[in-house]
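Asks: Everything below, folded, please.
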Amino acid sequence: MRSVVYFLPGNDIHLLIPAGIKTKINVFVDHELVKTSIIDPWNRDNDTGELLWE
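Replies: Numbering: from 1, shown residues only. Okay, the predicted model is just below:
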């Protein structure tokens, strides 16, 4: 399933991600990819080293 959501400049972005599903989030600014985040609840977080389901 693929979703596309647009936000106005200056607003906070809040997303609800279904639990237990590996998810990839691409952030574009002015049609340029600025960040990619992968949320994988079954593997350790790259930044913190913690599991999501602890």
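Asks: residues near Arg2, how many?
Replies: Applying the criterion other C-beta atoms under 10 Å, we find 4 residues in the vicinity of Arg2. No exception for glycine: its C-beta is placed from N, CA and C like everyone else's.
Asks: And Ile39, by the same measure?
Replies: A count of nearby residues for Ile39, using other C-beta under 10 Å, gives 14.
Asks: same question, the one 4 residues further on
Replies: Using other C-beta under 10 Å, Asn43 has 11 other residues around it.
Asks: ditto for Glu32
Replies: 7.
Asks: Just the strands from the protein, written as ranges.
Replies: Using DSSP state E, the strands of the chain run over 23-29, 32-39.
Asks: Can I get the ones you listed in CSV including mean pLDDT?
Replies: Compiled in CSV, those are given as follows (pLDDT from 0 to 100):
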stretch, mean pLDDT
strand 23-29, 86
strand 32-39, 87
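Asks: mind putting the ones you listed in CSV, distance to Phe7 included?
Replies: As requested, those are exported to CSV (distance: least, C-beta to C-beta, whole Å):
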stretch, distance to Phe7
strand 23-29, 10
strand 32-39, 13
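Asks: and the spatially most central residue of the chain, what are its bridge partners?
Replies: By C-alpha atoms, centre = their mean, the mean C-alpha position of the chain lies nearest to Ile25, the distance being 3.8 Å. According to DSSP bridges, the residues that bridge with Ile25 are Ser37.
Asks: how close does it sit to Ile38?
Replies: 8 Å (C-beta to C-beta, to the nearest Å).
Asks: Can you pull out the residues in contact with stretch 11-23?
Replies: 5, 7, 25, 38-42 (C-beta atoms under 8 Å, 6 or more residues apart in numbering).
Asks: try it again with 10 Å
Replies: 1, 3, 5, 7, 25, 27, 37-43, 52-53 (C-beta atoms under 10 Å, 6 or more residues apart in numbering).
Asks: next one: that stretch to chain centre, how far?
Replies: Taking C-alpha atoms, centre = their mean, to the nearest Å, one finds stretch 11-23 lying 6 Å from the centre of the chain it belongs to.
Asks: then that stretch to CSV, C-alphas only?
Replies: C-alpha atoms of stretch 11-23 as CSV (Å, rounded to 0.1, in the frame of the first residue of the first chain):
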residue,chain,number,x,y,z
ASN,A,11,3.2,22.9,10.0
ASP,A,12,4.2,19.9,12.2
ILE,A,13,3.9,16.5,10.6
HIS,A,14,2.2,13.7,12.6
LEU,A,15,1.8,10.3,11.1
LEU,A,16,0.2,7.1,12.5
ILE,A,17,2.2,4.1,11.5
PRO,A,18,0.4,0.7,11.9
ALA,A,19,2.2,-1.5,14.5
GLY,A,20,4.2,-4.5,13.5
ILE,A,21,4.7,-3.5,9.8
LYS,A,22,8.0,-2.5,8.3
THR,A,23,7.5,1.0,6.9
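Asks: No further queries at this time; thank you.
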